[in-house]
Structure formats: structure tokens, C-alpha cells
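In: following is a predicted model, sequence given first.
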Amino acid sequence: MSRSTLRTALDSLEAAGAVRRVAGRAGGTFVAPRRIERDLRSLVGLPSYLRRQGFSAAARVVSSATLEADDETAATLGLPAGAFVFEVVRVRLADGEPISLERARFPAERFPGLLDRSLGGSLYELLASAYNLVPGEAEERIEIVSAPAPEARILGIPRSAPLAAITRVAWDADGRPFESSYDLFRADRVRIVVRTPAGVTGSQVEVAGRTRR
């Protein structure tokens, strides 16, 4: 096989994310880790996405706390001034490797005792089984940010590496907001998937997308 043919094939594989190239004496062409597809078309917990794609899912709780809601969180969750929320910060793992850092807040009055329960699995599944929650829809806003030093250490990536930041508000089937969260996904491991309805042009697609269950 000629070098030009091999180079073209490797270029195609690199563009598809199947391999990665590293320059230098210790470099070369290496098989890239599989990317996880984060589908915005349905409202389910991340473990469900991982299991569907053949990954083992796990979570490591970084912190959990009861906080007085700030003005923005209170407005997002429809809470009165001075109301309390539960905050859960977790690292999500796929096959044992960190892929995202999530910070989620829930109305404390609506989910009593939440922080006393096991928080290592899907929180959506926990809310459904323990509190009869039926998710309805969510609005998710996506932007690309640079990893600050603390988040980079937790995720095992270089400082200022690109992250896909997703700000989410979720409502139940009755239209009541129950979650306000901010997730940071490793851009080298996650691919965001959005399906555009027929008849909608690129100029009509909003940066903020809504998903329904």
C-alpha cells in the first residue's frame, strides 16, 4: 500500500474520531476511546444512555448539601425566597473513566430525605421510585467552555481543555420544575446528538433545545 493511500485512510479515521495522532518521538497513531453519544431527544438519566451503548455506568459523589436557594435557582425552580434546595455534585464514570461533572439542585421540601439515600445511581430513577416523579420535559442550553483547574483535576484532563457545558431545567409531567443543573462533559469523550424536525432550517434551530419524555 502506498504511503499516500495510507495517509488518506488515517486522515479519514482521525476525522471520524476512530484514531488519534500524537506527534513526537513517543508519538504515533493510536486507537481513540469510544465516544459517548448524549442524546438530547429524550429525558432519561445518563446511566440509561451508557447502558444502551455498552458502557458500564457509575457515579462518584463529590459532595451533597442543603443550601438556601439563591435568586436564580429559586426563580428557576419556582421557589419562594429563603427556600432550601438539595445540591448533589457527582463525577459520572463510563467504564471507570470520568466523563462528566454534574451539579444538580432539587427542591428540598418536595424530596424530603433525598440526601440520606444512595446517590450513586440514576437520580431520575431514584426520584421516580422513591417520590413517584414522572419527568415531563427539559430545556438544555449547550456551550463550549475551557476546563478550570479544579474541574480539570477531577476529570483527569489538562487545564483549559474543552468541555461541553449543559445547563438544564427539568419539569415533571404536570409542568412543575424539579431540577436545575449544570453539567460539564469532556469534549473528547462525548458527542451531542440532536434531531431537527422536518421543515426546520438551520437558521430556525435555537441554541436551547427542549426534550420531552
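Out: Done, it's in.
In: when you work out contacts or count neighbours from here on, use the C-alpha atoms and nothing else.
Out: OK.
In: could you list the domains of this protein?
Out: In the domain annotation for the chain, the residue ranges read 1-32, 34-212 (automatic domain parsing).
In: sec struct for residue 153, please.
Out: Classification of residue 153 by DSSP: H, G, I helix; E, B strand; the rest coil places it in helix.
In: again, but for residue 61
Out: Look at residue 61: counting by three-state DSSP, its state is strand.
In: do you know how far residue 67 is from residue 117?
Out: Between residue 67 and residue 117 the distance, using Cα to Cα, to the nearest Å, works out to 17 Å.
In: can I get stretch 2-10 in CSV? Just the C-alpha atoms.
Out: Extracted C-alpha coordinates of stretch 2-10, given in CSV (Å, rounded to 0.1, in the frame of the first residue of the first chain):
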residue,chain,number,x,y,z
SER,A,2,1.4,3.4,-0.9
ARG,A,3,2.0,6.0,1.8
SER,A,4,-0.4,8.4,0.2
THR,A,5,-3.2,5.9,0.4
LEU,A,6,-2.4,5.0,4.0
ARG,A,7,-2.2,8.7,4.9
THR,A,8,-5.6,9.3,3.3
ALA,A,9,-7.1,6.4,5.2
LEU,A,10,-5.7,7.6,8.5
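In: returning to what we had before: residue 67 and residue 117 - which one has more neighbours?
Out: The neighbour comparison of residue 67 against residue 117 (other Cα atoms under 10 Å) goes to residue 67, with 15 against 9.
In: tell me which helix or strand the more buried one sits in.
Out: Secondary structure here is read from DSSP states H and E; on that basis residue 67 sits in strand 57-68.
In: next one: residue 128
Out: Assigned by DSSP H and E, residue 128 belongs to helix 123-131.
In: what does residue 174 give?
Out: With elements delineated by DSSP H and E, residue 174 resides in a region that no helix or strand encompasses.
In: tell me the pLDDT at the closest residue to it other than its chain neighbours?
Out: Among residues not flanking residue 174 along the chain, residue 136 sits closest, at 7.3 Å (Cα to Cα, 6 or more residues apart in numbering). Looking at residue 136, its pLDDT stands at 91.
In: surely residue 136 touches residue 177?
Out: No - taking contact to mean Cα atoms under 8 Å, the distance of 9.4 Å between residue 136 and residue 177 leaves them out of contact.
In: I appreciate the help and will end here.
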